[in-house]
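>>> I'll drop the sequence and a predicted model, then ask my questions.
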Amino acid sequence: MTAVTGQTDTARLTRQEFADRANLTYGTLNTYLARSRQRLAEGLALRPQDPPLPDGYTGSTPWWWPSTVDAYLAAQPGRKDES
């Protein structure tokens, strides 16, 4: 993977950090990610409620940029900024 301008290795979020940020359990996020993968495999576009697939992997461990997760959370209907 190539580095993205403005992003650093320390800014990458793990699956658990994504779940925590979204106020979901690890298992719930896994279920939602499986649905996202299934939709894409069926040739369907992701919906706003579908979490984004990882921005990259370190070995087999997925990671997301904080901005990816924040954009997903901001697009959730009825969600208020919890920070």
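Received it, and whenever you're ready, just let me know what you need.
>>> do I have it right that Ala19 meets Tyr32?
No - using C-beta atoms under 8 Å, Ala19 is not in contact with Tyr32, being 9.5 Å away. Using the backbone N, CA and C atoms, a C-beta is placed for each residue, glycine as well.
>>> which parts of whichever helix in the chain runs longest are buried?
What stands out as the longest helix in the chain, according to DSSP state H, is helix 26-41. By 16 or more other C-beta atoms under 10 Å, the buried positions in helix 26-41 come out as Leu29, Tyr32, Leu33, Ser36.
>>> right, and the helix or strand after that helix?
Note on helix 26-41: by DSSP states H and E, the next helix or strand toward the C-terminus is strand 56-58.
>>> that next one - what's its average pLDDT?
Strand 56-58 shows a mean pLDDT of 97.
>>> any idea how far that strand is from the chain center?
Using C-alpha atoms, centre = their mean, to the nearest Å, the distance from the centre of strand 56-58 to the centre of the chain it belongs to is 12 Å.
>>> repeat for stretch 39-59
Computed by C-alpha atoms, centre = their mean, the separation of stretch 39-59 from the middle of its chain amounts to 8 Å.
>>> equivalent analysis for stretch 25-39, please.
That offset, for stretch 25-39, works out to 10 Å (C-alpha atoms, centre = their mean).
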